[in-house]
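J.: how does the following fold in three dimensions:
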Amino acid sequence: MQVQPSSAPGAGTTLDPVIPAVEGEFYGYSTEFTRGRPLGFLMKCRANKGRSITDAPDYPAEHDLTFIFGDTVAVCSPNARPSVELLGDLAIGVELNMTRITRVDMTNTAFYRLRLQKDGQALAAVCRAVIMMGQSEDVVPIAQGTILAVMTETGKYGLMLITKVTPTSVAVDACHILLP
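T.: The predicted structure is shown next:
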């Protein structure tokens, strides 16, 4: 399948194609978010999960997480105050997604086992259980070794293991699925 670079209004310099997640397809990947690419798009193409803030207004349905770099490094829902402030005028008139984010008390071994099994129903069950039992936070400070469960209004369920954090970047091993 050949994908052309985006030519959506406002996309301007976007060269990375936006390929939405396919319902029922399990994704396991490693990626990095940076100050220049702080938006998390839980989509099909592994190579560009981290997006520029200029992509937010053109692809609001794909914007699932926002990484915040400041005194601490954190992650939040696209509609949380720090994300809206980061997006500034780009957020005006755009309905931003709401994503529930909770820390998971899970070992790295259990995370990698679940990711390796590629069982989307099991992944969604873990996310639902953790998020329903835990306290979803507006802004979740992160550190190396943190494991997060995410659940979006659009039916995406995911786990992220933070493998490296610097003041300007976050590396993650992750998996997600889009369910009806």
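J.: tell me how far residue 106 lies from residue 115.
T.: Separation of residue 106 from residue 115 (C-beta to C-beta, to the nearest Å) stands at 11 Å. Using the backbone N, CA and C atoms, a C-beta is placed for each residue, glycine as well.
J.: ah, wrong one, I meant residue 77
T.: With C-beta to C-beta as the criterion, residue 77 and residue 115 are 23 Å apart.
J.: quick check on these two: which one has the bigger neighbour count.
T.: residue 77 (27 against 20; other C-beta atoms under 10 Å).
J.: what's opposite the most centrally placed residue in the chain in the beta bridge?
T.: Among the residues of the chain, residue 40 comes closest to the average C-alpha position under C-alpha atoms, centre = their mean, at 3.6 Å. Under DSSP bridges, the beta-bridge partners of residue 40 are residue 50, residue 65.
J.: can you pull the contacts of the nearest residue to residue 31 once chain neighbours are set aside?
T.: Spatial nearest neighbour of residue 31, excluding adjacent residues (C-beta to C-beta, 6 or more residues apart in numbering): residue 49 at 4.3 Å. Residue 49 makes contacts with 29, 31, 33, 40-43, 174, as judged by C-beta atoms under 8 Å, 6 or more residues apart in numbering.
J.: quick one, which of the residues you listed has the minimum pLDDT?
T.: When the contacts of residue 49 are sorted by pLDDT, the bottom entry is residue 43 at 87.
J.: would you mind measuring from that residue to residue 103?
T.: Distance of residue 43 to residue 103, given as C-beta to C-beta: 24 Å.
J.: and for residue 93?
T.: 33 Å.
J.: what does the helix or strand of the chain with the lowest mean pLDDT rub up against?
T.: In the chain, no helix or strand scores lower on mean pLDDT, DSSP states H and E than strand 50-51, which sits at a mean of 89. Residues from elsewhere that reach strand 50-51 (C-beta under 8 Å, 6+ apart): 16, 31-34, 37-41, 59, 63, 67.
J.: turn those residues into CSV, columns for distance to residue 135 and secondary structure.
T.: Output for those, formatted as CSV (distance: C-beta to C-beta, whole Å; DSSP: H, G, I helix; E, B strand; the rest coil):
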residue, distance to residue 135, secondary structure
16, 34, coil
31, 26, strand
32, 28, strand
33, 23, strand
34, 28, strand
37, 28, coil
38, 24, coil
39, 24, strand
40, 21, strand
41, 25, strand
59, 29, coil
63, 23, strand
67, 20, strand
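J.: looking at those residues, spot the one nearest residue 128.
T.: Closest approach to residue 128 among those (C-beta to C-beta): residue 40, at 19.5 Å.
J.: my guess is that closest one contacts residue 66, does it?
T.: Yes: with contacts counted by C-beta atoms under 8 Å, residue 40 reaches residue 66, the gap being 7.0 Å.
J.: lovely, talk soon.
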